[in-house]
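In: Sequence and predicted structure, then a few things I'm wondering about:
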Amino acid sequence: MVFYHFTGFGGAGAWPEPAREIFPELGGVTRYGYLGVDLFFVISGFVILMSAWGRGPGEFGISRLVRLMPAYWASVLLGAAVYGLFREGNGVPGVVVPNLTMMQGGLGIRNVDAVYWTLWVEMHFYVLVAILAGIGITYRSCLIFMAAWMLGGVFADEAGNELLQIMLVPTWSPYFIAGMALYMIHRFGPTLLLWGYVAVSWLLALHWGAWRAGNAFKGADDMVVSVVVTGIFLVMILVATGRLSWVRWSGLTVFGALTYPLYLVHSQLALPLLDAVYPGLNRWVALVVVIAVSLILAYALHRLVEKPGARWIRAGLLASLQPMRPPAASASASASAPTSAPPSSPVESVPAVRPPAVELVRH
């Protein structure tokens, strides 16, 4: 996404001219960098189901807030600072305040940073997974959930039902559903039914990818888009089936931790930075400078904001859930209670859980 915004974007951005015109040598390829979002959503389906498994909606919600909000708040405030100091970007107070809720997309208010739209799409997914967690996440419930979500989105489009289209995000749901199915393949082993979910999701993703190439990203070749989307699915299949378990480079963990803060800050940071260094510096040198400074800021954000902020928020929110938990039985009552075997309960028949074959880092 960084290379897409800095070398492949065809609209107004941080450069004085469209980035694709400044880097015509790269633009023909990096213009398809927007498909990084497609990859992120498949990864999200995989990782979010993995993180939600065995948790209730409260614990799941806390895990998402802790992961997203510290860096996001810092990014919004960065946008306010860029506007306050340089009068660039969208960080005006009337926009910054609702953006701090991450719900500006539903309020019809523009984003401080254009990349925030993907977080609003993810928010829809989180709400649906929280409902699933409230019901209880099992092999069976996931199969029903994925089928209902997939078909519900198609029916919503057929009926032109705007409410259901908003709730079920049918243009993006195939990626999340594919990620969920791939996690279940990773956890339980492959079955024909799970591969069927992946296959149908892939076909729907090809349809929506071609639609976006002709509407949202005009000029993109829908055949190239189809090849890239197929490549995304193939890579995630390799991950799910353990074919990439040999990749053990420790640096991937660091880069994985930086992807989210880097995604949030690179566009806003580039506005004043490129004004300062370009065209005084050669375009290639300016590109290296803006990427390097973005990485440094992302690392600082991760170490100084994300980590301490996550610890503080997690502790406070977990304490907030404590009154909801049933009180523990007293030790005396436990000691005096007769011991007996627990009553039998029906157990859902699912494939045996396989040990994880690969570690994923949330984007």
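Out: Done, it's in.
In: For residue 16, give me phi and psi.
Out: Here is the backbone geometry of residue 16 (degrees, to the nearest 10): phi -70, psi -30.
In: And it, what's its pLDDT?
Out: Predicted confidence (pLDDT) for residue 16: 92.
In: Can you give me every residue that contacts it?
Out: By C-beta atoms under 8 Å, 6 or more residues apart in numbering, the residues touching residue 16 are 278, 279. All C-beta spots, glycine's among them, are computed from the backbone N, C-alpha and C.
In: give me that answer again for 10 Å
Out: By C-beta atoms under 10 Å, 6 or more residues apart in numbering, residue 16 lies in contact with 22, 274, 275, 278, 279.
In: Including pLDDT, neighbour count and secondary structure, could these go into CSV?
Out: CSV is the format used below for these (pLDDT from 0 to 100; neighbours: other C-beta atoms under 10 Å; DSSP: H, G, I helix; E, B strand; the rest coil):
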residue, pLDDT, neighbour count, secondary structure
22, 94, 20, helix
274, 94, 21, helix
275, 93, 13, helix
278, 94, 20, coil
279, 91, 11, coil
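In: From those, pick the one nearest residue 319.
Out: Of all those, residue 274 has the smallest distance to residue 319: 44.3 Å, by C-beta to C-beta.
In: where does the stretch 251-363 of the chain dip in pLDDT?
Out: Within the stretch 251-363 of the chain, the stretches with pLDDT under 70 are 327-363.
In: And the contacts of residue 16, which two are furthest apart?
Out: Farthest-apart pair in these is 22 and 275; separation 14.1 Å (C-beta to C-beta).
In: that older thread, need the contacts of residue 16 in CSV (columns: distance to residue 111).
Out: Shown next, in CSV, are those (distance: C-beta to C-beta, whole Å):
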residue, distance to residue 111
22, 24
274, 20
275, 21
278, 25
279, 28
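In: Is the spatially most central residue of the chain in a helix, a strand, or coil?
Out: Centroid-nearest residue in the chain, with C-alpha atoms, centre = their mean: residue 44, separated by 4.8 Å. State at residue 44, reduced to three classes by DSSP: H, G, I helix; E, B strand; the rest coil: helix.
In: what residues are up against residue 119?
Out: 68, 72, 75, 102, 104, 105, 111, 113, 126, 260, 263, 264.
In: Restricted to strands, list those.
Out: Residues of these located in strands (DSSP state E): none.
In: Closest to residue 143 out of the residues you listed?
Out: Within the contacts of residue 119, proximity to residue 143 (C-beta to C-beta) peaks at residue 126, which comes in at 20.0 Å.
In: That closest one touches residue 48, doesn't it?
Out: Yes - taking contacts as C-beta atoms under 10 Å, residue 126 lies within contact range of residue 48: 7.1 Å.
In: Neighbour count: those two, which is higher?
Out: residue 48 (24 against 19; other C-beta atoms under 10 Å).
In: State the distance from the nearest residue to that one once chain neighbours are set aside to residue 59.
Out: Distance criterion C-beta to C-beta, 6 or more residues apart in numbering; nearest residue to residue 48, sequence neighbours excluded, is residue 129 at 5.8 Å. Taking C-beta to C-beta, to the nearest Å as the measure, residue 129 falls 12 Å from residue 59.
In: Identify the contacts common to these two.
Out: With C-beta under 10 Å, 6+ apart as the test, residue 129 and residue 59 both reach 51, 52.
In: more neighbours, those two?
Out: residue 129 (25 against 15).
In: and that one, what element?
Out: Following DSSP states H and E, one finds residue 129 within helix 117-135.
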